[in-house]
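Engineer: just to be clear, the model below is a prediction. Sequence and coordinates:
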Amino acid sequence: MPEQPGKNAIEVRGVRKVFGTGENQVAALDTVSVSIRENEFFTLLGPSGCGKTTLLRLIAGFDFPTAGEILLHGQDIAPLPPYKRPVNTVFQSYALFPHMTVAQNIGFGLEMLGKPKAEIEARVAQMLKLVKMEALKARRTSQISGGQQQRVALARALAPQPKVLLLDEPLSALDYKLRKEMQIELKRLQNETGITFIFVTHDQEEALTMSDRIAVMSAGKILQVGTPRDIYDRPAERFVADFIGETNFLPGTVLSKQAGVATVKFASSATISAGYPEGFNPTGEVTLVVRPEHADLVPDPAKGTITGTLSNIVYFGTDTHYHVKLDGGGENFIVRHQNSRSSAVIYETGAKVGIQFEEDAARVLKD
């Protein structure tokens with residue numbers, strides 16, 4: 001997707017949302033600020049109760065912020081009701097009319113807007129083609145599958161040509177195989193329409209697969225915003241590293257720092273170079289994060305940066321996970337090796353092994 005620097009579809013500035021009064025007040029959003037670019041697939045990712053759906057509802061107009069601003073192309077839309085916002089929402093439940101046909105469902109919103117019949121028919125035909133549902137246009141939505149219903153819900157939401165499309169965990173009701181197919185379809189639709197998509201999910205794989213950028217949320221705050229690669233390879237905080245993907249945490253002590261890289265000593269006295277987040281000044285005792293696929297197992301412990309005993313081997317088909325109990329501290333460390341027919345070394349539990357790290361594999365975290 002070509003970037004358009006300086007062009008934001010949505011700007012959230014210092015938004016707070018408080019539910020309840022007095023001692024029963026709960027801050028669902030705590031001074032959240034984020035900019036979402038035009039024509040980007042932006043994902044709000046986090047566990048249940050982190051505030052991601054609340055933020056989506058504020059952008060949609062279903063709730064109003066306690067404080068702060070929400071701008072759409074520079075215009076403050078926070079006071080506007082939903083029907084005055086050029087924004088549409090696709091819900092988990094799809095909310096289709098079961099007595100109507102696929103085509104009637106797609107055209108319903110256009111009818112409510114008072115569009116001419118010819119324009120509605122042309123737009124419905126365009127949407128049917130976009131979501132590949134032409135053959136089922138005359139069938140009632142109660143007579144089609146869950147995945148097909150989702151396509152209809154998407155087509156109906158896209159038909160009025162909104163500036164922004166909001167998607168509240170729309171894949172959660174689908175089985176695994178269909179969910180994977182719809183991830184690809186959603187990204188295709190976003191690319192073909194050029195509409196800004198704001199997607200809410202608690203599924204890390206969905207976020208990494210589809211997003212141009214991700215905002216990781218926890219307890220009403222945005223902890224980090226970045227590309228999928230940034231979020232995965234360069235997490236800023238322990239929560240982000242732990243929530244997304246499998247990872248290893250290692251304690252260490254900072255010996256020195258230079259140009260964004262720290263030299264850190266492990267309990268075994270081995271040292272490693274590790275990057276750290278911009279604006280962070282790591283000192284003393286710190287936590288390092290290393291992804292399992294960014295480390296290598298070696299049969300000769302003397303060749304490893306750290307060493308340990310192989311405690312478990314788990315075969316996953318495409319790869320194998322080696323669980324190592326580290327010398328010195330006793331922490332468990334996982335190394336992931338991709339399986340191939342040319343794998344030369346066969347490991348057995350109980351063996352002493354070494355662990356080597358790829359360049360830039362380790363990163364110091366904010367705890």
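Structural biologist: Yep, that arrived.

Engineer: what are the ranges of the helices in the stretch 151-300 of the chain?
Structural biologist: For the stretch 151-300 of the chain, the helices defined by DSSP state H, counting those that start in this stretch cover 176-193, 204-210, 228-233, 238-243.

Engineer: what's the longest one in contact with?
Structural biologist: Think helix 176-193. Residues outside helix 176-193 that contact it (C-beta atoms under 8 Å, 6 or more residues apart in numbering): 1, 41, 130-131, 146-147, 150-151, 154, 158, 167, 170-171, 174, 197, 199, 206, 209-210. C-beta: built from backbone N, CA, C; applies to glycine.

Engineer: picking up where we left off before, Val345 is nearest to which of the helices of the stretch 151-300 of the chain?
Structural biologist: Val345 sits nearest to helix 228-233 of all the helices of the stretch 151-300 of the chain, at 26.3 Å, using C-beta to C-beta.

Engineer: buried residues, that closest one. List them.
Structural biologist: Residues of helix 228-233 classed as buried: 228, 231-233 (neighbour count, 16 or more other C-beta atoms under 10 Å).

Engineer: packing partners for that helix?
Structural biologist: helix 204-210, strand 213-218 (3 or more C-beta pairs under 8 Å, 6 or more residues apart in numbering; DSSP states H and E).

Engineer: which stretch in those has the least confidence?
Structural biologist: Lowest mean pLDDT of these: helix 204-210, a mean of 92.

Engineer: buried sites along that one?
Structural biologist: Neighbour-count burial for helix 204-210 [16+ other C-beta under 10 Å]: 204, 206-208, 210.

Engineer: do the same with stretch 80-88
Structural biologist: Within stretch 80-88, the residues that count as buried by 16+ other C-beta under 10 Å are 85, 87-88.

Engineer: and stretch 319-326, by the same measure?
Structural biologist: In stretch 319-326, counting by 16+ other C-beta under 10 Å, buried: 320-324, 326.

Engineer: okay, now the unreliable bits of the protein?
Structural biologist: 1-6, 342-344 (pLDDT under 70).

Engineer: what's stretch 289-296 in contact with?
Structural biologist: 232-233, 235, 238, 241, 245-250, 319, 321, 333-338, 355-358, 361-363, 365.

Engineer: any quick PyMOL command for the buried ones out of those residues?
Structural biologist: With 16+ other C-beta under 10 Å as the burial test, the buried ones among those are selected in PyMOL as follows:
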select buried, resi 232+233+235+238+241+245+247+248+249+250+321+333+334+335+336+337+355+357+361+362+363+365
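
Engineer: keep only those of the contacts of stretch 289-296 that are in strands.
Structural biologist: Of the contacts of stretch 289-296, the ones assigned to strands by DSSP state E are 248-250, 319, 321, 333-338, 355-357, 363, 365.

Engineer: and those, which two are furthest apart?
Structural biologist: Gln338 and Leu365 (25.8 Å).

Engineer: state the distance from Asp319 to Gln258.
Structural biologist: Separation of Asp319 from Gln258 (C-beta to C-beta, to the nearest Å) stands at 35 Å.

Engineer: returning to what we had before: turn the buried residues of stretch 80-88 into TSV, columns for secondary structure and distance to Val345.
Structural biologist: Formatted as TSV, those follow (DSSP: H, G, I helix; E, B strand; the rest coil; distance: C-beta to C-beta, whole Å):
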residue	secondary structure	distance to Val345
Arg85	coil	59
Val87	strand	55
Asn88	strand	54
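
Engineer: ok, so of these, who is nearest Arg139?
Structural biologist: Asn88 (23.1 Å).

Engineer: next one: the closest one relative to Leu136, how far apart?
Structural biologist: Asn88 is 22 Å from Leu136, by C-beta to C-beta.

Engineer: so who does Ile346 touch?
Structural biologist: For Ile346, counting by C-beta under 8 Å, 6+ apart, there are no contacting residues.

Engineer: swap in 10 Å and give it another go.
Structural biologist: By C-beta atoms under 10 Å, 6 or more residues apart in numbering, the contact list for Ile346 reads 299, 313.

Engineer: assign it to helix, strand or coil.
Structural biologist: What DSSP: H, G, I helix; E, B strand; the rest coil gives for Ile346 is coil.

Engineer: quick one, phi psi at it?
Structural biologist: For Ile346, the backbone dihedrals (degrees, to the nearest 10) come out as phi -110, psi 120.

Engineer: pretty sure Lys257 contacts Gly284?
Structural biologist: No. Assessed by C-beta atoms under 10 Å, Lys257 is found out of contact with Gly284, at 11.7 Å.

Engineer: more neighbours: which of these two?
Structural biologist: Comparing Lys257 with Gly284 by other C-beta atoms under 10 Å, the one with more neighbours is Lys257, at 15 against 6.

Engineer: show me what the more buried one is bridged to.
Structural biologist: Beta-bridge pairing for Lys257 (DSSP bridges): Ala262.

Engineer: any idea how far it is from Val216?
Structural biologist: From Lys257 to Val216 the distance is 25 Å (C-beta to C-beta).

Engineer: where along the stretch 51-200 of the chain do the strands fall?
Structural biologist: Ranges of strands in the stretch 51-200 of the chain, per DSSP state E, counting those that start in this stretch, are 67-72, 75-76, 87-90, 164-168, 196-201.

Engineer: for Lys52, find the nearest of these.
Structural biologist: strand 196-201 (4.9 Å).

Engineer: output that closest one as CSV, restricted to C-alpha atoms.
Structural biologist: What follows is strand 196-201, C-alpha atoms only, in CSV (Å, rounded to 0.1, in the frame of the first residue of the first chain):
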residue,chain,number,x,y,z
THR,A,196,-9.7,3.0,5.7
PHE,A,197,-10.5,-0.2,7.7
ILE,A,198,-10.3,-0.1,11.5
PHE,A,199,-10.4,-3.7,12.7
VAL,A,200,-10.9,-4.8,16.3
THR,A,201,-9.6,-8.3,17.4
